[in-house]
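Chemist: requesting a structural model of the entry that follows:
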Amino acid sequence: MFAALLSLLLPPGGEPFTIALGEEELIVSPPALEGGALADQKDEQLRARWNGRVGESRVQVEVRVYPLASFRFDGPEDVLDLLESNYGNAKENGVEGWSFDSTDFVEGKVGWIPYAARGVRAGRSEGAEGKKGIARIRAEGDSLALGGLLEKFAYSVDILAHPSLPEEERRRLAGELGKSVTAKCRERNPVWTEEEVKERWNRDAPNAEVRSKFEKPIRTKHYLILTNSSGGTLFAKKMEEFHERVRKIFPFEDKKGQRLLPVFVFRTPEQYYDYYVHVAGAPRGSAERSKGHAWKDYYATWYESPNDPTHPHEATHQIFRNRLRLGGGGSWFQEGVAEYVSNHPNETKAFAKRAAKDGKFVPFRTFVKIPSLIENPHLPAGESYLQAGSLIHFLREGKFQPEKFPRFIEEVGRVPRGNVGKIEAAVRSVYGVDLEGLEKAWAEYWRKA
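Modeler: Here you go, the predicted model:
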């Protein structure tokens with residue numbers, strides 16, 4: 001790793017280090033650091049650590065592994081989520097809400113899944129002063145990380161530079177980080193093997209009767225349809241239409257080796273309710289008020305009408321979680337984008353015009369804090385969803401700097417849910433207004449619509 005730095009840095013360093021994990025191997029090439037040395041401090045997770053310098057900055061490189069029997073990672077992105085959570089929980093050092101500035105992906109022989117997730121955060125000084133523990137140093141320095149999955153283990157390569165490197169050096173370090181890992185392991189079948197399909201159905205189907213009625217699985221470009229209904233083929237076609245609708249509004253690219261998204265379509269409502277209770281642990285009453293739900297990697301519903309607006313709504317949730325990896329912001333944000341995709345323009349316009357004129361809406365500073373719009377104490381659930389959808393409609397289709405809409409989605413979708421300060425900071429960064437300014441512009445737009 002970091003061959004491009006060799007002409008600028010002094011030896012030693014840069015020798016590949018092999019980590020044996022049963023039948024799998026992870027080969028990591030660390031940066032060639034000035035005075036670089038492999039440290040002795042290792043434990044069950046920490047398998048390698050190097051210390052050295054790049055110019056005036058002290059640099060530490062750590063390689064950690066996480067057994068998948070204990071860590072439920074569905075993709076490489078989950079490794080970065082864990083790192084963000086761990087660093088952000090260091091509240092005693094004033095680094096609450098820590099997150100990478102940017103994330104992307106690198107493809108290659110990097111694991112069971114043939115792409116790894118890379119995160120980069122530029123140095124800054126923030127939060128409380130005082131003794132500089134690792135969290136304070138991490139806040140002030142640069143953090144770069146690569147996360148990937150083997151068949152039985154996940155891994156992270158984490159680089160911390162303090163003080164912060166010049167931007168050119170940081171970019172170079174990030175580029176070489178993407179070349180740092182070679183994995184020796186099997187590669188996952190992205191369209192699911194027949195054995196994996198049967199195991200998933202038998203594990204998650206709610207009872208023996210449903211398990212015994214399994215239809216032939218249906219594979220499309222993006223979905224794996226698991227069903228005991230004869231309508232699976234038509235449903236699969238509609239799901240692809242919803243997928244393209246979401247991608248048109250919130251553009252994203254497919255990644256090589258990305259797994260088909262599982263969708264469970266049951267023949268009757270009762271079978272779906274049983275599934276919801278069995279897999280997600282939902283109370284029976286809550287399950288019976290639901291027509292479909294997206295959670296973890298799957299979407300589940302029952303076969304009634306493939307044109308039901310529930311399906312594009314929940315397909316949006318599934319894509320935001322498993323493709324865009326934008327699960328933050330809060331209920332207002334998540335339900336707003338899903339409501340917008342569901343396409344209720346007449347209802348949205350009628351509600352928003354009346355609410356903006358009469359002032360009968362939830363003030364935005366309160367709205368963004370509500371944990372669940374279904375249980376919004378200020379408005380009925382239906383109107384709460386319409387208010388959320390009307391905000392997304394306004395930002396994408398109105399005249400309030402619509403060219404900045406993709407950046408708004410990216411920045412707010414990465415903010416911890418309900419964190420008003422960070423939500424407002426993201427809004428101000430994108431649009432130059434606070435929450436009251438955004439609310440004023442929204443109300444003016446809908447009064448004139």
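
Chemist: neighbours of residue 18, how many?
Modeler: Applying other Cβ atoms under 10 Å, we find 11 residues neighbouring residue 18. The C-beta positions use only the backbone N, C-alpha and C, and glycine is treated the same way.

Chemist: what do you get for the one 5 residues further on?
Modeler: Using other Cβ under 10 Å, the number of residues around residue 23 comes to 11.

Chemist: one more: residue 144?
Modeler: By the measure other Cβ under 10 Å, the count of residues near residue 144 is 23.

Chemist: now do it, the pLDDT please.
Modeler: On the pLDDT scale, residue 144 is placed at 96.

Chemist: same question for residue 256.
Modeler: Taking residue 256 on its own, its pLDDT is 88.

Chemist: same question for the one 4 residues further on.
Modeler: Per-residue confidence for residue 260 comes out at a pLDDT of 98.

Chemist: now swap in the one 5 residues further on and tell me
Modeler: On pLDDT, residue 265 comes in at 97.

Chemist: apart from its chain neighbours, what residue comes closest to it?
Modeler: residue 227 (4.1 Å; Cβ to Cβ, 6 or more residues apart in numbering).

Chemist: assign a three-state SS to the residue nearest the centre of the chain, would you?
Modeler: Nearest to the mean C-alpha position of the chain, by Cα atoms, centre = their mean, lies residue 325 at 2.2 Å. Counting by DSSP: H, G, I helix; E, B strand; the rest coil, the backbone at residue 325 sits in coil.

Chemist: pLDDT below threshold where in this protein?
Modeler: 1-14, 36, 40-42, 89-97, 125-133, 135 (pLDDT under 70).

Chemist: and it, what are its domain boundaries?
Modeler: Structurally, the chain divides into domains by automatic domain parsing as follows: 3-184, 194-322, 331-448.

Chemist: and residue 224, what does it touch?
Modeler: 191, 192, 197, 217, 218, 260, 261, 262, 263 (Cβ atoms under 8 Å, 6 or more residues apart in numbering).

Chemist: actually, residue 256.
Modeler: 107, 114, 115.

Chemist: among those residues, name the buried ones.
Modeler: Buried members of the contacts of residue 256, scored by 16 or more other Cβ atoms under 10 Å, are 114, 115.

Chemist: could you single out the nearest of the contacts of residue 256 to residue 392?
Modeler: For the contacts of residue 256, the closest approach to residue 392 (Cβ to Cβ) belongs to residue 115, at 29.2 Å.

Chemist: residue ranges for the helices of the stretch 301-449 of the chain, please.
Modeler: Along the stretch 301-449 of the chain, the stretches classed as helices by DSSP state H, counting those that start in this stretch are 310-322, 331-342, 345-358, 364-367, 381-397, 405-413, 420-431, 435-448.

Chemist: show me what counts as buried in the last one.
Modeler: Pointing back at helix 435-448 there. 435, 438, 439, 441, 442, 443, 445, 446.

Chemist: and if you look at the shortest one?
Modeler: Neighbour-count burial for helix 364-367, counted by 16+ other Cβ under 10 Å, picks out 364, 367.

Chemist: check the third one too.
Modeler: Judged by neighbour count (16+ other Cβ under 10 Å), helix 345-358 contains these buried residues: 347, 348, 351, 352, 353, 355, 356.

Chemist: now for it, which elements pack on it?
Modeler: Packing contacts for helix 345-358, counted by 3 or more Cβ pairs under 8 Å, 6 or more residues apart in numbering; DSSP states H and E, involve helix 381-397, helix 435-448.

Chemist: got the angle for it vs helix 381-397?
Modeler: 100 degrees (axes from the mean of the first three to the mean of the last three Cα atoms, to 10 degrees).

Chemist: quick one: helix 345-358 to helix 435-448, angle?
Modeler: Using the same axes, to 10 degrees: helix 345-358 against helix 435-448 is 110 degrees.

Chemist: sorry, back to before: distance to residue 243 added to the helices and strands packed on helix 345-358, as TSV?
Modeler: Formatted as TSV, the helices and strands packed on helix 345-358 follow (distance: least, Cβ to Cβ, whole Å):
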stretch	distance to residue 243
helix 381-397	18
helix 435-448	29
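
Chemist: relative to residue 178, which of those helices is closest?
Modeler: Nearest to residue 178, of the helices and strands packed on helix 345-358 and by Cβ to Cβ, is helix 381-397 at 32.3 Å.

Chemist: neighbouring contacts of that closest one?
Modeler: 249, 331-333, 335-337, 339-340, 342, 344-345, 347-349, 351-352, 355, 361-362, 367, 370, 373-376, 378-379, 400, 402, 405, 408, 441-442, 445-446.
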